[in-house]
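Enquirer: show me how the following folds:
(2 chains)
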Amino acid sequence: MATYQITVNGKRREVTTDPSTPLLWVLREDLKMTGTKFGCGVSACGACTVHLAGVAARSCVIPISHVGDRPIVTIEGIGQDSIGRVVQAAWVDTDVVQCGYCQSGQIMAAVALLKHTPKPTDQNIDESMGGNICRCATYTRIREAIKNAAAQIRKGDA
Amino acid sequence: MPGIRAGVLTSVFAMTVFGISALERAEADSATTAQGLAAWEQVYSVLIHPRCINCHTATSYPQQGDDRRRHVANVVRGRGGRGVPGLNCASCHQETNADSTGVPGGHNWHLAPLSMRWQDVNDQPLSSAAVCRAVTDRSKNHNLDGPGLLKHHEEEALVKWAWDPGRRPDGTMRTPPPMTHEQFVAATRRWVEAGTPCPPGR
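Expert: Modelled structure (predicted):
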């Protein structure tokens, strides 16, 4: 066991756990932040996506001992981000969600995409979101919501 | 007259000596080239091992595993070989191996540039001659000369990772290349000292 000081959504948190524990389980079990989901556990589905120092990261395969002092942003905190707020609004306006289980990961990946690619093409969306699986197959609405969010951001709403 | 005679004798002596030396030098060069080519084949056997060639693809994606299958999660090359926003190499691969989750890691994890592809577009390894030409082409290899290539093989973190590749998700160890890193560096040194010869052919 070891004690770690981590920053989650701007707040310092202390956790004592085994160094090999994946970040996902620290968030869900130790910090009770259950917005980030467990899907596959092998970084193949994207449901566990968070931002680690601004990079979309698969929290199910990153041990807590590898996090270091990099700030973590989860779905619970992404609304504090200007682009995150617009993406969440676009998700609601476009009625993307069906069962919703994968959507926190989808939104985190979409925000990472739009932060680097203000006007994403279909190819950009396919490449960046292609690793986020949706069992309900809401892909067409995800694409539409990303484009709507991008348009809102370009209009200056973010 | 004695001076002229002495000069002629000296010239004959010199021609004889240097003539033999040139022959010997040619034979020695031939032997050195042969040794260099043999050393290159050892280097090549490492370069086409899955731990190395999986990230030297000719396609838009990396590979993984000893069977060199396409990387999971629809990972793509992206700009600079580091994936794309939302799905970067660093989305999973950290600075060191994560043995508890089975994800390999190393400093600056990324795909080799397409100029350093060692496979064809059908994911088949290129020939020894083709890989050798690519590796020694300074317009493709970040302008590395022989000593630069040796230093790369000896010190580059991602090269050295191949001999410390960590555990698979099932807990078993990944397969390292077919010789030790020390043997790989020694083979590279012999190849470089021979002038980085490449085998003929395509």
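Enquirer: how about the lengthiest helix in chain A against chain B, any contact?
Expert: Secondary structure of chain A read by DSSP state H shows that its longest helix is helix A:139-154. No - Helix A:139-154 is not in contact with chain B by C-beta under 8 Å from any C-beta of the partner chain; minimum separation 10.1 Å. Any C-beta I mention is one placed from the backbone N, CA and C, and that applies to glycine too.
Enquirer: in that helix, what's buried?
Expert: Within helix A:139-154, the residues that qualify as buried are A:139, A:141-150, A:152-153, counting by 16 or more other C-beta atoms under 10 Å in any protein chain shown.
Enquirer: tell me which element the residue sitting nearest the centre point of chain A falls in.
Expert: Nearest to the geometric centre of chain A sits A:Met108, at 2.6 Å (C-alpha atoms, centre = their mean). Assessed by DSSP states H and E, A:Met108 sits inside helix A:103-116.
Enquirer: how about B:Ser100: what's its closest non-neighbour residue?
Expert: Nearest residue to B:Ser100 in three dimensions, chain neighbours excluded: A:Ser20, at 3.3 Å (C-beta to C-beta, 6 or more residues apart in numbering or on different chains).
Enquirer: my guess is that neighbour contacts A:Pro63. True?
Expert: Yes - counting by C-beta atoms under 8 Å, A:Ser20 does reach A:Pro63; the two are 5.1 Å apart.
Enquirer: more neighbours: the two, which one.
Expert: Comparing A:Ser20 with A:Pro63 by other C-beta atoms under 10 Å in any protein chain shown, the one with more neighbours is A:Pro63, at 23 against 13.
Enquirer: roughly how far apart are that one and A:Val55?
Expert: To A:Val55, A:Pro63 is 16 Å away according to C-beta to C-beta, to the nearest Å.
Enquirer: how about the helices in chain A?
Expert: Ranges of helices in chain A, per DSSP H, are A:23-25, A:82-93, A:103-116, A:122-129, A:139-154.
Enquirer: the first one close to chain B?
Expert: Translated: helix A:23-25. No - legend: contact between helix A:23-25 and chain B by C-beta under 8 Å from any C-beta is lacking; minimum distance shown is 9.8 Å.
Enquirer: now do that helix: everything it contacts.
Expert: Residues from elsewhere that reach helix A:23-25 (C-beta atoms under 8 Å, 6 or more residues apart in numbering or on different chains): A:17, A:36, A:38, A:48, A:50, A:52, A:57, A:59-60, A:62-64, A:67, A:72.
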